[in-house]
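> no sequence for this one, just the structure:
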């Protein structure tokens with residue numbers, strides 16, 4: 001009886017081994033397996049299906065919309081777009097595809113990475129323009145998203161590319177000519193990640209605090225708004241900022257234009273500001289006047305924020321600022337640190353939202 005059981009299990013092992021090898025024997029997928037679709041249509045359908053999973057959370061061994069790992073995304077994209085069953089793991093997919101040079105990459109091909117150990121441990125679907133769709137398990141953002149092959153981490157872990165769907169001159173011509181430009185050749189970048197390099201714009205609003213020193217009537221000193229544009233690298237960013245500020249304590253309106261440099265959580269900024277009105281503080285013993293009204297003066301400061309909350313293609317953050325704005329006391333006055341510190345030093349807190357601009361591929 002034991003010999004019969006062992007023989008049965010041996011038969012099952014051989015059967016499934018042969019079945020698996022025959023199922024994944026055609027590399028790459030032949031045109032006959034595309035069920036009437038052209039190779040160009042198959043590739044575009046594959047990418048469109050993968051895009052439909054953008055924002056799906058990462059889940060180890062996940063294979064549905066509740067969660068996907070990297071190979072689960074590829075497996076499910078092939079199954080839903082083309083009704084094709086492909087190998088299930090990153091290494092088996094790497095073994096299965098036809099290896100191609102990076103210079104030969106076309107939308108719909110696969111890209112592979114060794115992120116840990118010595119075997120292939122990650123992959124994605126190439127979408128053109130140096131970008132690929134994948135399901136990330138680590139980093140500032142996880143789940144299904146777009147990333148760039150030009151990012152330092154992916155350049156370092158990249159191992160090669162592979163082709164599962166047919167590609168030839170006819171396919172290339174079909175994807176350029178038959179597809180509307182908005183769908184392929186000039187499609188905006190989808191699901192931009194805040195961690196991706198690129199240009200950004202943003203807005204913000206802040207409350208300026210008073211009452212710490214002499215001359216400010218209450219804790220509410222004024223309000224400010226922020227309009228900014230700049231460029232973000234993977235870690236650092238630089239921006240040009242227009243900061244409209246109403247200073248209730250001094251009775252002036254400022255229009256600073258500053259340049260900021262830093263990270264998502266810490267920046268320094270500096271630039272000129274034009275002041276509308278004549279700055280003065282109301283003290284118990286009378287008004288104290290300052291120069292700088294109707295002129296440009298320099299200011300500088302530091303801005304710090306909590307780690308941003310990723311929302312869509314941007315980042316929302318609660319931030320605080322300390323800034324020095326130059327309002328000298330008049331020549332006939334002597335330095336009085338409490339009101340003069342109030343006039344030149346400000347503290348504010350607020351919210352800002354920065355978002356990525358779409359990039360044409």
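In hand now; what should we look at? Not measured: the values here are computed from a predicted model.
> give me the low-pLDDT residue ranges for this structure?
Applying pLDDT under 70 to the chain flags residues 1-28, 30-33, 35-36, 169-193, 195-196, 211-213, 215-217, 312, 359-361.
> tell me the domain boundaries of it?
Domains of the chain are assigned by automatic domain parsing as 25-177, 198-356.
> Those into TSV, with extra columns for mean neighbour count?
C-beta coordinates here come from the backbone N, C-alpha and C atoms, glycine included. Formatted as TSV, these follow (neighbours: other Cβ atoms under 10 Å):
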stretch	mean neighbour count
domain 25-177	18
domain 198-356	17
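> wait, what's in contact with residue 308?
194, 264, 265, 315, 316, 317, 354 (Cβ atoms under 8 Å, 6 or more residues apart in numbering).
> go with 10 Å
Shown in contact with residue 308 (Cβ atoms under 10 Å, 6 or more residues apart in numbering): 140, 194, 264-265, 314-319, 352-354.
> In the stretch 151-300 of the chain, mark out all the strands, start to finish.
158-163, 198-209, 220-232, 237-247, 252-262, 266-276, 280-283, 286-289, 296-305 (DSSP state E, counting those that start in this stretch).
> Of all those strands, which one is nearest residue 103?
Closest approach to residue 103 among these is made by strand 158-163 (9.3 Å; Cβ to Cβ).
> ok, the closest residue to residue 158 other than its chain neighbours - contacts?
Distances taken as Cβ to Cβ, 6 or more residues apart in numbering place residue 113 nearest to residue 158, at 5.6 Å, with adjacent residues excluded. By Cβ under 10 Å, 6+ apart, residue 113 lies in contact with 70, 90, 94, 120-124, 132, 134, 149, 153-160.
> And residue 126, by the same measure?
Taking Cβ under 10 Å, 6+ apart, one finds 43, 47, 102, 105-111, 132-134, 149, 161-163 in contact with residue 126.
> likewise residue 74?
Counting by Cβ under 10 Å, 6+ apart, residue 74 has contacts 46, 50, 68, 86-90, 93, 110, 123-125, 133-135, 164.
> Just the ones of the residues you listed in strands?
68, 110, 123, 124, 125, 133, 134, 135 (DSSP state E).
> so residue 95 sits in a helix?
Yes - assessed by DSSP: H, G, I helix; E, B strand; the rest coil, residue 95 belongs to a helix.
> State whether residue 310 is indeed within a helix.
No - the assignment for residue 310 (three-state DSSP) gives strand, which keeps it out of a helix.
> surely it meets residue 139?
No - contact criterion Cβ atoms under 10 Å: residue 310 and residue 139 do not qualify, at 11.2 Å.
> could I get the ones in strands among the contacts of residue 74 as TSV with distance to residue 326?
Converted to TSV, these look like this (distance: Cβ to Cβ, whole Å):
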residue	distance to residue 326
68	55
110	58
123	56
124	51
125	54
133	50
134	50
135	51
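> Considering these, which is situated nearest to residue 234?
Residue 234 lies nearest to residue 134 out of those, by Cβ to Cβ, at 16.2 Å.
> Does the nearest residue to the closest one once chain neighbours are set aside have any beta-bridge partners, and if so which?
Leaving aside its sequence neighbours, residue 134 sits nearest to residue 124 (Cβ to Cβ, 6+ apart; 3.1 Å). As for beta bridges, residue 124 partners with residue 111 under DSSP bridges.
> give the contact list for residue 124.
50, 70, 73-74, 90, 110-113, 131-136, 144-147, 149, 154.
> Can you tell me how far it is from residue 73?
Distance of residue 124 to residue 73, given as Cβ to Cβ, to the nearest Å: 8 Å.
> what do these two both touch?
With Cβ under 10 Å, 6+ apart as the test, residue 124 and residue 73 both reach 50, 133, 134, 135, 144.
> Make sure the fourth one is actually in contact with residue 59.
Yes - with contacts counted by Cβ under 10 Å, residue 135 reaches residue 59, the gap being 8.5 Å.
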